[in-house]
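1. Provided below are the primary sequence and the corresponding predicted coordinates.
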Amino acid sequence: WQERARAFLDGAIDTLWSERGSKMRQWLHTEKGLNDATIKGACLGLNLADKSEPRATWGLDLQNKEDGTEKKLWLPAGLVIPWVVNGDVHRLRFRRSDPGDGARYVTASGSGTAPAAWGFERAAAAIVESELDGLLLSQEAGDLCTVVALGTATAKPDTATHKALKAAAVILVALDTDEAGAKAAWKFWP
């Protein structure tokens, strides 16, 4: 999985920084407030078209759909938001440009579920939902606080993140202002 994910991500990064990625880079700048250094540091990429690949080529167990046909690994078109630790790709998450009535965010099978986090050595912490929000907060205030991006309002920190948050003097829970974020924010920390 690691080798396939790295190769896929490298291609997606090249696409984002090509002429074909200029519109997405502009969106990241103007709509999400990210600068080029943050975009590059986060290894963001762009997948121009939906791809379906055999799960076995990614080292994943074979699975069948209800109709008996082989289930494929889906890599949807859109912004590629990986979680890379020490050069290893732990997660491939996609923000679909046109989800229709489907999910805006999709995580590739085989991806890790640990939240993205930056700056665990800080005394204060801020918890947000999306990785893009986390990247912006880290870009603008990463010298002041630990930033944890859960990926969704219903996710909870993994053991390592929980331990780091328990050591924080102050924790700001800043989930999205939608119904899911509001509901989760009030019962986030037991």
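-> Looks like it arrived, so ask away. Worth saying up front: this structure is predicted, and the values here are computed from it rather than measured.
2. Near residue 42, how many other residues are there?
-> 22 (other Cβ atoms under 10 Å). Backbone N, C-alpha and C define where each C-beta goes, glycine included.
3. Spit out the contact partners of residue 170.
-> Listed by Cβ atoms under 8 Å, 6 or more residues apart in numbering, the contact set of residue 170 reads 123-125.
4. Roughly how far does residue 29 sit from residue 42?
-> 14 Å (Cβ to Cβ, to the nearest Å).
5. what helix or strand does residue 29 sit in?
-> Using DSSP states H and E, residue 29 maps to helix 22-30.
6. Tell me which residues of that helix come out buried.
-> The neighbour-count check on helix 22-30 (16 or more other Cβ atoms under 10 Å) flags 24-25, 28 as buried.
7. Nearest to residue 157 among those residues?
-> Distance to residue 157, by Cβ to Cβ, is smallest for residue 28 among these, at 26.2 Å.
8. and the residue nearest to the closest one when sequence neighbours are not counted, how many residues sit next to it?
-> Ranked by Cβ to Cβ, 6 or more residues apart in numbering and with sequence neighbours excluded, the top spatial neighbour of residue 28 is residue 34, at 4.8 Å. A total of 22 residues lie near residue 34 under the criterion other Cβ under 10 Å.
9. surely residue 34 meets residue 133?
-> No - with contact taken as Cβ atoms under 8 Å, residue 34 and residue 133 are classed as non-touching, separated by 10.5 Å.
10. quick one on the thing from earlier: who wins on neighbours among the contacts of residue 170?
-> Counting by other Cβ under 10 Å, top hit in the contacts of residue 170: residue 125 with 23 neighbours.
11. Between the two ends of stretch 52-70, how far is it?
-> By Cα to Cα, to the nearest Å, the extent of stretch 52-70 from end to end equals 11 Å.
12. Which strand residues bridge residue 85?
-> Applying DSSP bridges to residue 85 yields these beta-bridge partners: residue 88.
13. For residue 175, the count of nearby residues, please.
-> Neighbours of residue 175 (other Cβ under 10 Å): 22.
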